[in-house]
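> give me the fold of what follows.
(chains A and B)
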Number of protein chains: 2
Amino acid sequence: MLFLAETSTDGVREQLFSTHDIPAVLWSPDGARGARPLVLLSHGGGRHKKDPEMVELGRRLALDHGYAVVVPDVPAHGDRPPVEEYQRLADRNQSRVAAGEDLGPLIAAFQALVARQTVPEWRAVLDAVQQLPHVGAGPVGYWGVSLGCGLGVPFVAAEPRVRAAVLGLGGASANADLAARITAPVQFVLQWDDERVPRAHGLALYDAIGSAEKTLHANPGGHEMPPAEVDSAVRFLARHLG
Amino acid sequence: MLFLAETSTDGVREQLFSTHDIPAVLWSPDGARGARPLVLLSHGGGRHKKDPEMVELGRRLALDHGYAVVVPDVPAHGDRPPVEEYQRLADRNQSRVAAGEDLGPLIAAFQALVARQTVPEWRAVLDAVQQLPHVGAGPVGYWGVSLGCGLGVPFVAAEPRVRAAVLGLGGASANADLAARITAPVQFVLQWDDERVPRAHGLALYDAIGSAEKTLHANPGGHEMPPAEVDSAVRFLARHLG
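Next up is the predicted model:
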């Protein structure tokens, strides 16, 4: 684990680090000592670990709840080099959409491919971060919508440390089988008029999730998480992580 | 408006009254003076105005939020006489279900018929209660699931005083056109495995609601409102009624 920079702003400590060549940011309350809940956030497609949405959410979880929050850069995003195979696939998908193919299943298949890389990466990030004395081996939460849902379903299905997950803005095209293996409580956000995820695919993914405790929140509008759902999802994590 | 009994328990004043031959209960905080938000609750089928669920919810809205809460007995329920026509229809529906017909549309059609009576009744109840100095002409909220959804959709569509409505455990068989006329914010609760309301009918009713602000909360399980959704719905009303 290589620490690259450390700052502190208004009560929140920010540590930039890299582990196994994965650059990531870790936020925690200033002066935090001892084990605490840890939330892994996944940023959206084309974004990066210090995207304004991630910063706001990370600071809020650290300040209001005392949690540690880690955000890795997804491969080919942020401070990571481009990945030729992903670029080639993205280009080919663009041609296929131009030729009239449905976007939804292509996105889902692409995300399933990237998840083969991110699942072991994120497990390694958890391993590293939980060694730190101000993080420790507390309960883990996950938050990822859109790309973060496509990558999150396989991650949450594979990682027993995750005790609660916020997912959404994703569909069942590629990962219904994996969703069925999830057992942690899930709050799933679906946008009723999502231009990228057909409504039926989103409903099918919620349906496929294996957890006994899972709740679906749907709202009118396109491919974006409404602010009231951000508040609700923070309450959901707080309820389950303590 | 005829007052029948008044008591006070642990900070909540309870007034039993009748107006236009409609028996109802009104809860308000002890010593309340001046206008305040008013919530009309509809009880479920086979229940009555002082059902334990209604009492708990009414006391909570009065104590925690300072609201006035009114619950009328639905026709043929509680202190009201049986209605021959409804009984005949209920008997006929039972035979039709025994003969293999789907229950959902029969329930919905029956509720639409009863709503022709309850919409004007509930408007009269609001008129009467809002004359009281400790209720006044504040914003109105509505809460009704199951039977209270079948009766609530036409009521909320017709009554501009309603500024926020909790609905759910109901389907679109009979009232999609009326749902389209609703403009107040709605929180809609759907049970994913509802044995009385087919999932597609519930989703179709949420879809049909005309409000720009409407949110769907779905959870696994049968025809019953989960406790966490009661909490969420109270927060929703509080956010909109102030």
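> contacting residues around A:Val97?
A:Leu103, A:Leu106 (C-beta atoms under 8 Å, 6 or more residues apart in numbering or on different chains). Heads up, the C-betas are built off the backbone N, CA and C, glycines and all.
> any idea how far A:Leu106 is from it?
7 Å (C-beta to C-beta, to the nearest Å).
> shared neighbours, these two?
Counting by C-beta under 8 Å, 6+ apart, nothing touches both A:Val97 and A:Leu106.
> helices along chain A, start to end?
For chain A, the helices defined by DSSP state H cover A:52-65, A:84-98, A:103-129, A:147-158, A:176-179, A:199-208, A:227-241.
> pipe those helices into a markdown table and attach mean pLDDT per row.
What follows is those, written out as a markdown table (pLDDT from 0 to 100):
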| stretch | mean pLDDT |
| --- | --- |
| helix A:52-65 | 97 |
| helix A:84-98 | 92 |
| helix A:103-129 | 93 |
| helix A:147-158 | 97 |
| helix A:176-179 | 92 |
| helix A:199-208 | 96 |
| helix A:227-241 | 96 |
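> who touches A:His134 in this structure?
A:Ser28, A:Ala32, A:Arg33, A:Gly34, A:Arg36, A:Ala68.
> can we see that at 10 Å?
A:Arg13, A:Gln15, A:Leu26, A:Ser28, A:Pro29, A:Gly31, A:Ala32, A:Arg33, A:Gly34, A:Ala35, A:Arg36, A:Ala68 (C-beta atoms under 10 Å, 6 or more residues apart in numbering or on different chains).
> next: A:Val74.
A:22, A:42-49, A:80, A:86, A:111, A:114-115, A:117-118, A:121-122, A:144, A:147-148, A:151.
> so what's the residue count around the spatially closest residue to A:Leu38 that is not a sequence neighbour?
Using C-beta to C-beta, 6 or more residues apart in numbering or on different chains and skipping residues adjacent in sequence, the residue nearest A:Leu38 is A:Ala68, 4.6 Å away. Look at A:Ala68: counted by other C-beta atoms under 10 Å in any protein chain shown, it has 28 neighbours.
> likewise A:Gly31?
So A:Gly31, with other C-beta under 10 Å, has 9 neighbours.
> contact partners for it?
With C-beta under 10 Å, 6+ apart, A:Gly31 has these contacts: A:Ser8, A:Gly11, A:Arg13, A:His134.
> of all pairs in these, which one is the farthest apart?
Largest separation among those by C-beta to C-beta: A:Gly11 and A:His134, giving 13.9 Å.
> what touches both of these two?
A:Pro29, A:Gly31.
> from chain B, how far off is the closest residue to A:Ala35 other than its chain neighbours?
Among residues not flanking A:Ala35 along the chain, A:Gly136 sits closest, at 2.7 Å (C-beta to C-beta, 6+ apart). In this structure, A:Gly136 and chain B are 29 Å apart, going by C-beta to the nearest C-beta, to the nearest Å.
> repeat that for A:Met225.
13 Å.
> list buried residues within the contacts of A:Val74.
A:22, A:42-45, A:47-49, A:80, A:86, A:111, A:114-115, A:117-118, A:121-122, A:144, A:147-148, A:151 (16 or more other C-beta atoms under 10 Å in any protein chain shown).
> just say which of the helices of chain A is most tucked in.
Of the helices of chain A, the one with the most neighbours on average (mean count of other C-beta atoms under 10 Å in any protein chain shown) is helix A:147-158, at a mean of 27.
> elements contacting that helix?
On a contact count with 3 or more C-beta pairs under 10 Å, 6 or more residues apart in numbering or on different chains; DSSP states H and E, helix A:147-158 meets strand A:38-41, helix A:103-129, strand A:140-145, strand A:162-168, helix A:176-179, strand A:186-191, helix A:199-208.
> A:His240: which of these is closest?
strand A:162-168 (3.5 Å).
> so what's the gap between that closest one and the chain middle?
Distance of strand A:162-168 from the chain centroid (C-alpha atoms, centre = their mean, to the nearest Å) equals 8 Å.
> so which elements touch that strand?
Counting by 3+ C-beta pairs under 10 Å, 6+ apart, strand A:162-168 packs on strand A:38-41, strand A:140-145, helix A:147-158, strand A:186-191, helix A:199-208, strand A:214-219, helix A:227-241.
> can you tell me how far A:Ala68 is from A:Glu56?
16 Å.
> would you confirm that A:Ser232 contacts A:Phe188?
No - look at A:Ser232 against A:Phe188 with C-beta atoms under 10 Å: they stay out of range, at 11.6 Å.
> overlap in contacts, these two.
A:Val166, A:Thr215, A:His217.
> most neighbours of all those, which one?
Result: A:Val166 is most packed of those (other C-beta under 10 Å), 30 neighbours.
> who touches that residue in this structure?
By C-beta under 10 Å, 6+ apart, the contact list for A:Val166 reads A:39, A:41, A:57, A:141-145, A:148-149, A:152, A:156, A:185-189, A:217, A:225, A:229-230, A:232-234, A:236-237.
> residues contacting the nearest residue to A:His77 once chain neighbours are set aside?
The shortest distance from A:His77 to any non-neighbouring residue, by C-beta to C-beta, 6+ apart, is to A:His48 (5.3 Å). By C-beta under 10 Å, 6+ apart, the contact list for A:His48 reads A:Pro23, A:Val25, A:Met54, A:Val71, A:Asp73, A:Val74, A:His77, A:Gly78, A:Asp79, A:Arg80.
> which residues touch the closest residue to A:Leu2 other than its chain neighbours?
Spatially, and ignoring its direct neighbours in sequence, A:Leu2 is nearest to A:Ser18 (4.7 Å; C-beta to C-beta, 6+ apart). Counting by C-beta under 10 Å, 6+ apart, A:Ser18 touches A:Met1, A:Leu2, A:Phe3, A:Leu4, A:Ala24, A:Pro72, A:Asp73, A:Asp79, A:Ala128.
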